[in-house]
Each structure stands twice: as C-alpha cells, then as structure tokens.
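*Asks:* Please find the sequence and the predicted model below.
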Amino acid sequence: MSESGTLGHHFADAALRERALTHRSAAHANNERLEFLGDALLNLLVAELIFERHPRASEGEMTRLRAALVNGNALAGMARAQQLGDLLHLGPGELKSGGHRRDSILADAFEALVAAVYLDGGWEACRQRVRDLFAPLVEAGERTPKDAKTRLQELLQACGMQLPVYELLATAGEEHARVFTVSCRVDSIERSFEGSASSRRAAEQIAAEQVLAVMENQGSDEH
C-alpha cells in the first residue's frame, strides 16, 4: 500500500509534497499556485483518458463526463480516499471550523498534489498517477446522467421555448460557509423556483430540478 498523501508517487522533494498540503490559512508558502497548475493538468489528462476510452462519445457527452469527474465534490472524494484530510496544514481558524473535512479545501489539495507530482516526477509520472486513479471512473461513467440544468435546457429547446433565466438572489454566511440562493424562471411557468446551496452552481441545479419536476408533471397531465 502506498503512503497516503502521495497519489502513489515517491517524492524526491518532500518539501514540494508538504507545500501541496498547506492551505493558505497556514502559511504564506501555500498550495494556491500548485492548485492552479493541477487543475489544468487534471482537465487535460482526464480529457485524454475519456477521448481514448469512449471513441464513439460526442463532444457533449465527453464534456459532461469530464465535468462529472473533475469537480469539487468528485475531487474531494478522491482526496478522502487518499486520506489527505489528516495531512493538511491549516491555520487555527480553519482547524477550529473543521477545514480538513471541507470539500473545497480537500479538492484544492488534491489538485495541488497532482501538480506537485508533475513538478517532482515529470509528465509521465503525473500522467500515470492520474490515469491509475481515474481510469476505473472513466470506464464506469459511460452512462453518466445529464445534470438538471442540461436536461432542462434540452427539454426547452425540444419544445421550441426560450432558455431558462437564472438569477442570484442572495449570498449569506461567513466566507468559509457561504450559502447562495438562486432563482430559475422559464416562460411557460408563471412563477420562479429557488435553490440554495454552498455554491452558485449547485443552487442553480437545485432550482432547475424543481422546474423539471413541474414541467414533467404538466406533460403527464396532458396525457
């Protein structure tokens, strides 16, 4: 079993690994720059894997699958599987508020660690680690369901209707625990629908789900 916090890579530069696991609340030398690089590497390497493993998939299908695999929630899950939470270097405030369990911090650390592997071991080492981790998910994800916003957009287009309008209604809470409230409105329904979540995107998905439920019920009533 490989050492936790390495993604299966033996680091020649242990300090690089430690920096990848250091949140900005803990030190000036933190993982933010590594996170930027890791995000780009993950998107490219997972896209390459999807392109290879699903030769008949359309551009839209490949885009949806990559979005399902390379997002905050999914990467946080990867981080937990690698036991990164217990290894993070956090400032006192983040420690007190449970930052080692927060999806955003875990996902950022995972991205930073991917970049650290790249800088420490080179392109092929990074590519192999990412492929080892994501290949089973890419294989299993061929039938990844479309998200609510995509399904709503496609339904409206099929009916020849205008696309939904999303509006940010409110943002509440402390910086580390923000709650976004968003509305979704379509021309065929007189009222708007609201969703609240820890990110604007997630709130939009919740609102879109509500609109879909109403439209699907309307369609059933017509039959």
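*Replies:* Happy to help now that I have it.

*Asks:* all helices of the protein, in order?
*Replies:* 14-20, 32-53, 59-69, 72-81, 92-96, 103-121, 123-140, 148-158, 200-222 (DSSP state H).

*Asks:* How about residues contacting the first one?
*Replies:* Spelled out, it's helix 14-20. 5-6, 11, 29-31, 34, 89, 109, 112-113, 115-116, 119-120 (CB atoms under 8 Å, 6 or more residues apart in numbering). Placement of C-beta: from N, CA and C, glycine included.

*Asks:* From Ile105, how far off is Leu168?
*Replies:* With distances taken as CB to CB, to the nearest Å, Leu168 is found 24 Å from Ile105.

*Asks:* ok, so what distance separates Arg64 from Ala57?
*Replies:* For Arg64, the distance to Ala57 (CB to CB) stands at 9 Å.

*Asks:* out of the two, which sits in the more crowded spot?
*Replies:* Legend: neighbour count by other CB atoms under 10 Å for Arg64 and Ala57, higher for Arg64 (19 against 15).

*Asks:* mind checking how far the more buried one is from Asp86?
*Replies:* For Arg64, the distance to Asp86 - CB to CB - is 33 Å.

*Asks:* One more: Cys126?
*Replies:* Taking CB to CB, one finds Cys126 at 23 Å from Asp86.

*Asks:* the more surrounded of those two?
*Replies:* Per other CB under 10 Å, whichever of Cys126 and Asp86 has more neighbours is Cys126, with 23 against 8.

*Asks:* contacting residues around the residue lying closest to that one once chain neighbours are set aside?
*Replies:* In space, and not counting its chain neighbours, Cys126 is closest to Tyr118: 3.8 Å by CB to CB, 6 or more residues apart in numbering. Residues in contact with Tyr118, defined by CB under 8 Å, 6+ apart, are 37-38, 41, 125-126.
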